[in-house]
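Engineer: sequence first, then the predicted structure:
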Amino acid sequence: MAQLIIFRHGQSIWNLENKFTGWIDVDLSEKGIEEAKQAGLKLVGYHFDYAYASALKRAQETLSMALDTAKHPAITATYNQALNERMYGDLQGLNKAETAEKYGDAQVKIWRRSFDVPPPNGESLKDTAARVLPYFEQEIEPKLKAGKNVVIAAHGNSLRALIMHLEKMSPEQILEFEIGTAQPRLYELDANLKVLSVKNL
């Protein structure tokens, strides 16, 4: 049996400012730093053989602070942009309320909450899953099948793609699934990667 724990980064400065962030590399807010440490308290007693985060510093810092707070033995994390947040294209850097005024609430909701409709020059959740899942299957699944424990710090939409895969959710189900900041989610998996149990810590 293997354990997989995934969690979203703590609040970023642009989360606080209600902006579309996507691939823009912004820092954690003060609240986000505190959330990362709170996540770490929930990881006390868990041991990880491998750690992963996206190529964006808000996920990397959340992972590092959480493991430090948990007093986990030193572990070299692997960073890869396959785990990055959904690329929001032309919306990146725009305030969400102003974007709704410009394009209309209905259009913005379609961009944010449809499975396969991307914002202009950006990615849909379907596009995001198309890079997250091959990386997970090639890089991480063999380790889990070997009984190794893995922790991943990433983003709302890259984690939605992963949760959809692990929990066999439909596109409609995953789009309604809320992922809180810095909330560790624990999966216990058998050697065939069947989910034996799942819970938020």
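Structural biologist: That came through, no problem. Numbers count the residues shown, from 1 in each chain.

Engineer: C-alpha from now on. contacts and neighbour counts both.
Structural biologist: Fine.

Engineer: just give me the neighbour total for residue 45.
Structural biologist: For residue 45, the neighbour count with other C-alpha atoms under 10 Å is 10.

Engineer: which residues does it contact?
Structural biologist: residue 70 (C-alpha atoms under 8 Å, 6 or more residues apart in numbering).

Engineer: show me the helices in this protein, by range?
Structural biologist: Assignment of helices within the chain using DSSP state H yields the ranges 13-16, 30-42, 57-69, 96-103, 105-113, 125-135, 141-145, 156-166, 171-175.

Engineer: mind checking which of the ones you listed is nearest residue 181?
Structural biologist: helix 30-42 (7.3 Å; C-alpha to C-alpha).

Engineer: next, the angle helix 57-69 makes with that closest one.
Structural biologist: Per axes from the mean of the first three to the mean of the last three C-alpha atoms, to 10 degrees, the angle that helix 30-42 makes with helix 57-69 is 40 degrees.

Engineer: with distance to residue 4, mean pLDDT and mean neighbour count as extra columns, can I get the helices of the chain in JSON lines?
Structural biologist: Listed next are these as JSON lines, based on distance: least, C-alpha to C-alpha, whole Å; pLDDT from 0 to 100; neighbours: other C-alpha atoms under 10 Å:
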{"stretch": "helix 13-16", "distance to residue 4": "26", "mean pLDDT": "95", "mean neighbour count": "17"}
{"stretch": "helix 30-42", "distance to residue 4": "14", "mean pLDDT": "98", "mean neighbour count": "21"}
{"stretch": "helix 57-69", "distance to residue 4": "14", "mean pLDDT": "98", "mean neighbour count": "23"}
{"stretch": "helix 96-103", "distance to residue 4": "33", "mean pLDDT": "91", "mean neighbour count": "13"}
{"stretch": "helix 105-113", "distance to residue 4": "26", "mean pLDDT": "90", "mean neighbour count": "15"}
{"stretch": "helix 125-135", "distance to residue 4": "15", "mean pLDDT": "97", "mean neighbour count": "19"}
{"stretch": "helix 141-145", "distance to residue 4": "8", "mean pLDDT": "98", "mean neighbour count": "18"}
{"stretch": "helix 156-166", "distance to residue 4": "11", "mean pLDDT": "96", "mean neighbour count": "20"}
{"stretch": "helix 171-175", "distance to residue 4": "19", "mean pLDDT": "91", "mean neighbour count": "15"}
